[in-house]
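**Student:** Quick one, fold the following:
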Amino acid sequence: MKTQHIDRLFERGVLRPLQSLPERVRQGIYVFANGFISLAILAALAAATGSPLVFPSLGPTAYVLYLFPLAPGSSPRDCLAGHAIGILCGYAALFLTGLAGLPDSSAHAISWHRVVAAALSLSATAAGMVFARVNHAPACATTLIVSLGIISRPVDLLLIELAVLLLVIQAGVLNRLAGVPYPVWSGRR
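**Tutor:** Numbers count the residues shown, from 1 in each chain. Predicted coordinates:
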């Protein structure tokens with residue numbers, strides 16, 4: 001996995017002494033530092049507001065945004081649209097199975113309704129991304145978070161998308177500071 005943007009970053013400034021480290025170590029340092037900064041900011045906002053601004057699918061989203069920032073699935077368009085499709089499909093599955101507004105599946109044994117909601121949301125999200133020409137695999141985790149009822153209140157669903165937007169903005173800033181021509185909206189297809 002060649003990541004020239006990370007190599008260029010380690011060739012200049014205060015990181016130059018680390019340039020002789022193996023490529024995989026430099027990649028690890030870059031992803032660690034940027035992932036930590038981004039998630040720490042979101043976690044601090046979540047703690048300050050009591051809002052669900054940190055959830056499991058942000059992890060793989062941050063990973064692709066920092067390790068593969070120029071991949072089509074890392075563009076702001078794909079990240080935001082992918083998670084939006086996942087949220088909509090997850091909530092639609094809850095609604096269709098009569099689970100909207102009920103407690104999450106971790107509080108009880110998983111019912112057949114929840115099984116159907118999870119399967120429906122995942123398959124609909126995958127198909128929806130194909131139809132919309134969106135490629136962002138972490139959105140499939142978002143749809144399960146919603147359809148399993150872990151985060152399912154409508155206001156919280158908007159906060160999920162807000163958190164993704166904030167992460168994309170942070171990735172844009174941090175990648176641009178590293179010299180990566182991170183896209184403003186849509187990446188190369």
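
**Student:** what sits up against the helix or strand where Ala124 lies?
**Tutor:** Taking DSSP states H and E as the definition, Ala124 sits inside helix 112-132. For helix 112-132, the surrounding residues in contact (C-beta atoms under 8 Å, 6 or more residues apart in numbering) are 81-82, 85-86, 88-90, 92-94, 96-99, 105, 134-136, 139-140, 142-144, 146-149. From N, CA and C alone the C-beta is placed, and that goes for glycine too.

**Student:** What residues of the longest helix seen in the chain count as buried?
**Tutor:** Longest helix in the chain, counting residues (DSSP state H): helix 23-49. The neighbour-count check on helix 23-49 (16 or more other C-beta atoms under 10 Å) flags 26-27, 29-31, 34-35, 38-39, 42, 46 as buried.

**Student:** what's the answer for stretch 150-158, then?
**Tutor:** Those would be 150-152, 156-157, for stretch 150-158 by 16+ other C-beta under 10 Å.

**Student:** try stretch 55-63
**Tutor:** 55, 57-58, 60-62.

**Student:** what does stretch 69-86 give?
**Tutor:** By neighbour count on 16+ other C-beta under 10 Å, the buried set for stretch 69-86 is 69-70, 72-86.

**Student:** quick one: which of those sit in helices?
**Tutor:** 76-86.

**Student:** helix or strand for the residue most central in space within the chain, which one?
**Tutor:** In the chain, the centroid-proximal residue (C-alpha atoms, centre = their mean) is Thr61; its distance is 3.0 Å. Secondary structure assignment for Thr61, by DSSP H and E: helix 58-67.

**Student:** Show me which helix or strand of this structure is least confident by mean pLDDT.
**Tutor:** helix 4-10 (a mean of 74; mean pLDDT, DSSP states H and E).

**Student:** and that one, how far from the chain's centre?
**Tutor:** How far helix 4-10 lies from its chain's middle: 23 Å, per C-alpha atoms, centre = their mean, to the nearest Å.
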